[in-house]
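Novice: based on what follows, work out the 3D shape:
(chains A and B)
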There are 2 protein chains.
Amino acid sequence: MSHPRYTALAQTLPASVPFVGPEAQERARGAVFDARLGANENGFGPAASVLEAIKTNADQAWMYGEPESHDLRSAIAAHHGIALSNIVVGEGIDGLLSYLVRLLVTQGDHVVTSDGAYPTFNYHVAGFGGTLHKVPYNADHEDPEALLAKAREVGAKLIYLANPDNPMGTWHKGTTLEEMAAKLPDGCLLLLDEAYIDLAPADAIPDLAIEHPGVIRMRTFSKGYGLAGMRVGYALGAPELITAFEKIRNHFGMNRLAQIAALAALKDQAGLREIQKQVETSKQRLAQIAADNSLHGLPSATNFVAIDCGADGEFARAVLASMIDQGIFVRMPFVAPQDRCIRISCGPEREMDLVAHALPVALKAARGA
Amino acid sequence: MSHPRYTALAQTLPASVPFVGPEAQERARGAVFDARLGANENGFGPAASVLEAIKTNADQAWMYGEPESHDLRSAIAAHHGIALSNIVVGEGIDGLLSYLVRLLVTQGDHVVTSDGAYPTFNYHVAGFGGTLHKVPYNADHEDPEALLAKAREVGAKLIYLANPDNPMGTWHKGTTLEEMAAKLPDGCLLLLDEAYIDLAPADAIPDLAIEHPGVIRMRTFSKGYGLAGMRVGYALGAPELITAFEKIRNHFGMNRLAQIAALAALKDQAGLREIQKQVETSKQRLAQIAADNSLHGLPSATNFVAIDCGADGEFARAVLASMIDQGIFVRMPFVAPQDRCIRISCGPEREMDLVAHALPVALKAARGA
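Specialist: Prediction:
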């Protein structure tokens, strides 16, 4: 009987998943969550115009998506004042991360990230056989100098940095990233994950030449635009690098309604501003809920707040477990000392009320445990 | 200034695309097509219940898709009478092809397919550094014996066979594939692409044990169910092989509305039967249009008909060019002698009328050329 022969690399990989989904947790606990605040989805979005575009164009579902995402890329180009050749659209930032890692990283190659940063990036690096080096956060911020130093030390091909950061919500000023880009070692690409940039202060956006050959930036419609379920991301960079994606990407991988929804979202900047306001209100509410419980909510440039539970990781995990038990889907950082926090996504008032009710119960449970 | 360092493999790959989309052709010709019949999309689908499900659930677009596609896989399991562990859902068959090739194929590995079969499969094999070996079609059919012989000769890890075939529309009986599966060389996996199986006669479906370790089957909601734009495919196989996808797949890659649409489509088998009837009527019409022009439409177990233009590839390319000029998006096989045909997708009566009008004009133009 014939059996498949996997590659040597595939044989070494574990069957793993960067995150367990809330639905799997719901199946395990035998009840749905009352509030879905664990994946930094955006319950305020998408804008009404975007929902309308999806519904109106549902009858296009029989047609493949346009493989060049031409209309969407044209709108992105106009939005950013750049050229089509600077933009590749992909199946969310997750999909683009996979493509980028595949272009650059194979066994024997080195990659640098922060310890506790985005696990899906790490998953892709491992999946293509790269060696991952992690540097600690510095005062709950990703640490550009430490990332650069480690990249120099190991001869890294790629540095991952998210600004604003997930899971802490902290951010660097754009000028800090400009300085970082100027100091990149030869042959090292800075991957700047700007998933949350639509929710960040304007001065978090670095003024980097789009033609900078050492930087690629990734954006998404999942966060500010509230379209996580549609899976649309894009990367911005120099044409040579952007063209390289054409060698390997799934040209017919984009969902047609996703392309339509993203285009509608980009065109509705008033809708985005409305979402931004709602997120801001929700962030203030989360900070207040933290304060009401004598806890500190970290300042956030994202649509979530990391709440410092005031003790160690074990304590925060107990708080988290109680929140889950109470029907509130939340997550928390994986790595100490950031794992003293739980991370709660912004959401509508009803969900915030549930958090306000559940958090003191959770704290009491954790303290009694 | 830092420049990215691509892998040795990435440096050798061309920036290529398996297919140019119809929209790019429309931009080039400065006019939209009157009929979209080139990509075997299904203009009869999806069923009304599926469109309704998309519209009703559009407001779920802010939530990530469920990473395990649990509900959809459960429905697929019930539909086929198999277990959840036999099923992986992915971003269309294209996405699943990429994952499968990545699991099995690296530089130095050999893969066998038919010369003129699905280019996107070839793209993925090249993209992971595999060496592709092609055997000719036999009387417009993929040739199981030739594929097996070549696989034995080169020590192939993987054989690709589509049943029914694209681009010819021909098919083998399931029993032929059962015999093929029994004769696989050690360590060679048969990838059976059943994208069109929902439109094929029942006896085209092989009776293969789902636990057969040497076979993986791929299905899609793009063809029979008319959801090409939603990008939902699935693979069926032994649990060991299916589990291997967990090592590398993009766990959060599925569009949430796509999962919802596919589930609705699977549940509406009456809707599928209605689409099948419409496809059958359209196929008969295409055969009649061919006959009206003294041409032969090949019998087809798909939602398209390859029409033998009665001469060589040069002639068929001239016919195709005129069809395109007349606003009819159609495609044709790439390889002789199959390239004597043009390939026209089934579609509603209006589109068929346009074909009936355009084909004699195209033949006249080609004969006069």
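Novice: now do the contacts for A:G313.
Specialist: A:336-337, A:339-340 (Cβ atoms under 8 Å, 6 or more residues apart in numbering or on different chains). (Each C-beta comes from the backbone N, C-alpha and C, glycine too.)
Novice: just the buried residues out of those, in PyMOL syntax.
Specialist: Buried residues among those (16 or more other Cβ atoms under 10 Å in any protein chain shown), as a PyMOL selection:
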select buried, chain A and resi 339+340
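Novice: out of the contacts of A:G313, the closest to B:P213 would be?
Specialist: A:D339 (41.7 Å; Cβ to Cβ).
Novice: nearest spatial neighbour of that closest one, skipping sequence neighbours?
Specialist: Take A:D339 and drop its neighbours on the chain: the residue closest to it by Cβ to Cβ, 6 or more residues apart in numbering or on different chains is A:G313, 3.7 Å away.
Novice: tell me the pLDDT of the one you found.
Specialist: According to the prediction, A:G313 has pLDDT 98.
Novice: ok, it to A:D143 distance?
Specialist: Distance, A:G313 to A:D143, using Cβ to Cβ, to the nearest Å: 20 Å.
Novice: just the pLDDT at A:M1, thanks.
Specialist: In this model, A:M1 carries a pLDDT of 59.
Novice: what of the one 4 residues further on?
Specialist: Per-residue confidence for A:R5 comes out at a pLDDT of 96.
Novice: so it sits in a helix?
Specialist: No. Read with DSSP: H, G, I helix; E, B strand; the rest coil, A:R5 is coil and lies in no helix.
Novice: correct me, but it touches B:G187?
Specialist: Yes. Using Cβ atoms under 8 Å, A:R5 is in contact with B:G187, at 4.5 Å.
Novice: any residue of the biggest helix by length in chain A touching chain B?
Specialist: If you go by DSSP state H, chain A has its longest helix at helix A:269-292. No. With Cβ under 8 Å from any Cβ of the partner chain as the criterion, chain B is not reached by helix A:269-292; the gap is at least 10.0 Å.
Novice: what ranges do the helices span in the stretch 201-350 of chain A?
Specialist: Using DSSP state H, counting those that start in this stretch, the helices of the stretch 201-350 of chain A run over A:239-244, A:256-267, A:269-292, A:313-325, A:349-368.
Novice: tell me the most buried of the ones you listed?
Specialist: Neighbour counts (mean count of other Cβ atoms under 10 Å in any protein chain shown) averaged over each of the helices of the stretch 201-350 of chain A peak at helix A:256-267, with a mean of 24.
Novice: ok, and what's touching that one?
Specialist: A:45-47, A:49-50, A:52-54, A:57-58, A:60-61, A:63-66, A:69, A:71-72, A:75-76, A:79, A:89, A:221, A:225-227, A:230-232, A:271-272, B:54, B:61, B:229-230, B:255, B:257.
Novice: only the buried subset of those, as a ChimeraX command please.
Specialist: Applying 16+ other Cβ under 10 Å to the contacts of helix A:256-267, the buried members can be selected in ChimeraX as follows:
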select /A:45,46,47,50,53,54,57,58,61,63,64,65,66,69,72,75,76,89,221,225,226,227,230,231,232,271,272 /B:54,61,229,230,255,257
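Novice: so A:S345 makes contact with A:F33?
Specialist: No. Assessed by Cβ under 8 Å, A:S345 is found out of contact with A:F33, at 11.9 Å.
Novice: so the two - more neighbours on which side?
Specialist: Between A:S345 and A:F33, counting by other Cβ atoms under 10 Å in any protein chain shown, A:S345 is the more crowded of the two (26 against 21).
Novice: next up, phi/psi of the closest residue to A:I242 other than its chain neighbours, please.
Specialist: Once flanking residues are discounted, A:I242 sits nearest to A:V88: 5.0 Å by Cβ to Cβ, 6+ apart. Note on A:V88: backbone dihedrals following degrees, to the nearest 10 are phi -120, psi 130.
Novice: quick one, strands of chain A?
Specialist: For chain A, applying DSSP state E gives strands covering A:35-36, A:87-90, A:110-114, A:131-135, A:158-162, A:189-193, A:215-220, A:233-236, A:296-297, A:304-308, A:328-329, A:341-345.
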